[in-house]
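Participant: coords please:
(2 chains)
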Amino acid sequence: GQQVQQSPASLVLQEGENAELQCNFSSTATRLQWFYQHPGGRLVSLFYNPSGTKHTGRLTSTTVTNERRSSLHISSSQTTDSGTYFCAIERSSNTNKVVFGTGTRLQVLP
Amino acid sequence: EAAVTQSPRNKVAVTGGKVTLSCNQTNNHNNMYWYRQDTGHGLRLIHYSYGAGSTEKGDIPDGYKASRPSQENFSLILELATPSQTSVYFCASGDSGLGGFEQYFGPGTRLTVL
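Facilitator: Predicted structure coming up:
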């Protein structure tokens, strides 16, 4: 089945540093999305990015589908960026079955 | 903004008891999902639904049933709860199409089975 690997498992930064989170998946994915989980548990969508590069604010996502990888870049990190970041892949086309990676836990220190 | 609510937010149950977790969405989304989150596993799909009256098995359906009586409501039922079902459960709603499969999550339910 579809496997999603994320790295690093955890990351500690000083405020202002940049972060690069990686997501690798085991077969060609038609749909890929990045999620953020607040320390309190709330999950929110960040990017739907099946291919190419997308930006929003200090976040940039780049997906290279034929290389089965995606990255999430956080520039000028802030303490409020702390939390866990997940990438998720639709298991196969148009099934709505989604498989999540195990996440990267980010801690940004003041 | 999309709204997904879950009840209860916290639940303590006894082994062998019946537990029902409820989810309500006001987004008019066709698809709804139940996940559980455990340390080291991320989120795993238990059941999902394409619309009222439909339920589909996810990756870890054993020990769980689901019910989708209406567009707005999706329940997860543990007929005979076991300690291994202690977890945090998330409900989500969403629609998929050319634009992707964005999902909106509820706040989670923390279930402890003693």
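
Participant: where along chain B do the helices fall?
Facilitator: For chain B, no helices are identified by DSSP state H.

Participant: ok, now which ones touch residue 44?
Facilitator: I'll assume chain A. A:Val44 is in contact with A:Phe35, A:Tyr36, A:Gln37, A:His38, B:Phe105, counting by CB atoms under 8 Å, 6 or more residues apart in numbering or on different chains. Every residue, glycine included, has its C-beta placed from N, CA and C.

Participant: you looked at the wrong chain, it should be chain B
Facilitator: A:Phe100, B:Tyr35, B:Arg36, B:Gln37, B:Asp38, B:Gly58, B:Asp59, B:Ile60.

Participant: Let's see the ChimeraX selection covering just the buried ones among those residues.
Facilitator: The ChimeraX command for the buried members of those (criterion: 16 or more other CB atoms under 10 Å in any protein chain shown) is given here:
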select /A:100 /B:35,36,37,58
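
Participant: Around A:Gly40, how many other residues sit close by?
Facilitator: A:Gly40: 8 surrounding residues under other CB atoms under 10 Å in any protein chain shown.

Participant: wait, A:Pro50
Facilitator: 18.

Participant: Burial check on the closest residue to A:Arg42 other than its chain neighbours, number of neighbours?
Facilitator: Closest residue in space to A:Arg42, ignoring its immediate chain neighbours: B:Pro107 at 6.0 Å, by CB to CB, 6 or more residues apart in numbering or on different chains. Close neighbours of B:Pro107, defined as other CB under 10 Å, add up to 16.

Participant: State the distance from B:Pro107 to B:Ile60.
Facilitator: 21 Å (CB to CB, to the nearest Å).

Participant: how about B:Lys11, what does it touch?
Facilitator: Contacts of B:Lys11 (CB under 8 Å, 6+ apart): B:Val19, B:Leu21, B:Thr109, B:Arg110, B:Leu111, B:Thr112.

Participant: Pick out the residue nearest the middle of chain B.
Facilitator: Centroid check for chain B by CA atoms, centre = their mean gives B:Trp34 as the closest residue, at 2.5 Å.
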